[in-house]
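Asks: Kindly return the folded structure for what I paste below:
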Amino acid sequence: MTKPSIIIAGVAGRMGRAILGSALEKGVTIAGAFDRPDASCAGDALSTLLSDADPAPLTGLKIADSYEAVFQKQSVLIDFTSAEASLRHASIAADGGACAVIGATGFCEDQEKAFGLLAEKTALVKAGNMSLGVNLLCALVERAAQILPEEFDIEIVEGHHRRKTDAPSGTALMMGEAAAAGRGVALRDKAVKARDGDTGPRADGDIGFAVIRGGGIIGDHDAVFAGAREVLTLSHRALDRKLFADGAVRAAQWVASRRPGLYDMRSVLGF
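Replies: Residues are numbered from 1 along each chain as shown. I've put the predicted structure just below:
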């Protein structure tokens, strides 16, 4: 992997700060950072976001109010902002010849297609979760769905903090896609994302989703394979947002030298 220069979107947010800290720990050059045009931190020194890290590598850098203000061709954008904003930023990166790592979630079908078109022009890593553990979990879910007979019902249960706006989470959808791949079906044909009232008995082959929102839960995910006589649960619990930041910086180091294409974290991690 190379050590590219990176540009951080939404740098004043929790994930942005975590990415900033992770990049400094790994010695990755930070070319710039930005937040929303109406953010109170716009124009401040980037070093003001640090708590105990050495501010020297950030000398002269300020928090910009747009990606355009800090864009550099030889850089990698890291963006965990929102579906709409990250697609707009990825378009700027692709048009200018820069690479991007996208960790935002909640994309609609048209937005997913748009990323596919952008990947014809530049290298993009796009994943609903950047952690090693979650991506290994998805590989295990796919294998379990392939091995276990279809009499085992599959349910995906996820929990996040009360501020998360999209549901099911991007990670839960990744797990659902993995389960569907293991069964040789399309998730869109088998996903059940809401149950309320008299829904009738569970249909064979459904892949169900259940969502918890509350408090400060960083990210809990379970894949439940429920048989008539036994239940297998594959689980992951995030303890620190830094694990996602570390994964994003690793992805930025990896994607900088790749050909145009749409990649995921399993490509970055090599499994």
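Asks: contacting residues for the closest residue to Lys190 other than its chain neighbours?
Replies: Leaving out its chain neighbours, the residue that sits closest to Lys190 by Cβ to Cβ, 6 or more residues apart in numbering is Ile207, at 4.7 Å. C-beta: built from backbone N, CA, C; applies to glycine. Residues in contact with Ile207 (Cβ atoms under 8 Å, 6 or more residues apart in numbering) are Ile154, Glu155, Ile156, Gly176, Ala179, Ala180, Leu187, Lys190, Ala191, Val192.
Asks: The same query, at a cut-off of 10 Å, please.
Replies: Neighbour list for Ile207: 145, 153-156, 175-177, 179-180, 183, 185, 187, 189-193, 223 [criterion: Cβ atoms under 10 Å, 6 or more residues apart in numbering].
Asks: How about Gly215?
Replies: Residues in contact with Gly215, defined by Cβ under 10 Å, 6+ apart, are Gly159, His160, His161, Arg162.
Asks: let's see 7 Å
Replies: His161, Arg162 (Cβ atoms under 7 Å, 6 or more residues apart in numbering).
Asks: and it, which of the three is it?
Replies: Here Gly215 is coil, with the state taken from DSSP: H, G, I helix; E, B strand; the rest coil.
Asks: buried ones in the lengthiest helix in the chain?
Replies: Looking across the chain with DSSP state H, the single longest helix is helix 132-147. For helix 132-147, the neighbour count (16 or more other Cβ atoms under 10 Å) marks Leu132, Val134, Asn135, Leu136, Leu137, Cys138, Leu140, Val141, Glu142, Ala144, Ala145 as buried.
Asks: Show me where the protein has its strands.
Replies: 6-9, 30-34, 63-64, 76-79, 99-102, 123-126, 153-160, 191-192, 207-213, 220-226, 231-237, 261-263 (DSSP state E).
Asks: Just the mean pLDDT for the first one, thanks.
Replies: In this case it means strand 6-9. Average pLDDT, strand 6-9: 98.
Asks: what does the fourth one give?
Replies: When pLDDT is averaged over strand 76-79, the result is 98.
Asks: chain center to that strand: distance?
Replies: 12 Å (Cα atoms, centre = their mean, to the nearest Å).
Asks: For that strand, which strands pair with it and how are they oriented?
Replies: Here strand 76-79 is paired, per DSSP bridges, with strand 6-9 (parallel), strand 99-102 (parallel).
Asks: circling back: relative to Ala42, which of the buried residues of helix 132-147 is nearest.
Replies: Lowest distance from Ala42 to the buried residues of helix 132-147 (Cβ to Cβ) belongs to Val134, with 32.7 Å.
Asks: which residues does that closest one contact?
Replies: Residues in contact with Val134 (Cβ under 7 Å, 6+ apart) are Thr171, His221, His236.
Asks: Then Asn135?
Replies: Neighbour list for Asn135: Asn129, Met265, Arg266, Leu269 [criterion: Cβ under 7 Å, 6+ apart].
Asks: Which among the residues you listed count as buried?
Replies: Asn129, Met265, Leu269.
Asks: Now do Ala9: how many residues are near it, please.
Replies: Neighbour count for Ala9, taken as other Cβ atoms under 10 Å: 30.
Asks: cool, and the one 5 residues further on?
Replies: Using other Cβ under 10 Å, Arg14 has 14 other residues around it.
Asks: go on, Ala179?
Replies: Per other Cβ under 10 Å, the neighbour tally for Ala179 reads 25.
Asks: In contact with the nearest residue to it once chain neighbours are set aside, which residues?
Replies: The shortest distance from Ala179 to any non-neighbouring residue, by Cβ to Cβ, 6+ apart, is to Ala145 (4.4 Å). Counting by Cβ under 7 Å, 6+ apart, Ala145 makes contact with Ile154, Ala179, Gly182, Arg183.
Asks: Likewise for Asp246?
Replies: So Asp246 contacts Ser22 (Cβ under 7 Å, 6+ apart).
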